[in-house]
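Trainee: Sharing a model prediction with you, sequence too.
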Amino acid sequence: MKLRKVGGRLKVEHSMIPRLRDFLERLLEQNPEIRAVIPGVIRPVRDAKGGLQIRITVPTLNGWKAIALSGGARQELFISTSLNRQELEAAIQRALESRVG
């Protein structure tokens, strides 16, 4: 499948869980400190009921790994950024709260 980039910072190689793409576009628009977001594989899970949730899990060499949960599925997110955990959690919360609709 062809690699596509949105604004050069969101790498889209395959589908995303419900509402994730809009959220990631808002997150990147609001936070120039985030260099890139690479969504991973989607897996079904039982605890992903309700709206979109994002949980930061572990640090990586150039940022953070997070898990997005929505619509009965989970998707890994690799976030390349210089933000620390608290700053990234605050940025994620702002982007979640600013969603339209």
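Mentor: Looks like it arrived, so ask away. Numbering: from 1, shown residues only.
Trainee: What are the buried residues along the longest strand belonging to the chain?
Mentor: Counting by DSSP state E, the longest strand found in the chain is strand 34-44. Within strand 34-44, the residues that count as buried by 16 or more other Cβ atoms under 10 Å are 34, 36, 37, 39, 40, 42. No exception for glycine: its C-beta is placed from N, CA and C like everyone else's.
Trainee: list the helices and strands it packs on?
Mentor: In terms of contacts (3 or more Cβ pairs under 8 Å, 6 or more residues apart in numbering; DSSP states H and E), strand 34-44 is packed against strand 10-12, helix 20-30, strand 63-70, strand 73-81.
Trainee: Now tabulate those in TSV and tack on distance to residue 93 and mean neighbour count.
Mentor: Listed next are the helices and strands packed on strand 34-44 as TSV, based on distance: least, Cβ to Cβ, whole Å; neighbours: other Cβ atoms under 10 Å:
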stretch	distance to residue 93	mean neighbour count
strand 10-12	19	17
helix 20-30	10	18
strand 63-70	13	20
strand 73-81	14	19
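Trainee: Would you mind giving the ones you listed as CSV with distance to residue 55 added?
Mentor: Formatted as CSV, these follow (distance: least, Cβ to Cβ, whole Å):
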stretch, distance to residue 55
strand 10-12, 19
helix 20-30, 13
strand 63-70, 5
strand 73-81, 9
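Trainee: now the ones you listed as TSV including distance to residue 95 and mean pLDDT?
Mentor: Formatted as TSV, these follow (distance: least, Cβ to Cβ, whole Å; pLDDT from 0 to 100):
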stretch	distance to residue 95	mean pLDDT
strand 10-12	13	81
helix 20-30	4	93
strand 63-70	12	96
strand 73-81	12	96
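Trainee: right, and the ones you listed - which one's nearest residue 92?
Mentor: Closest to residue 92 of the helices and strands packed on strand 34-44, according to Cβ to Cβ: helix 20-30, at 6.6 Å.
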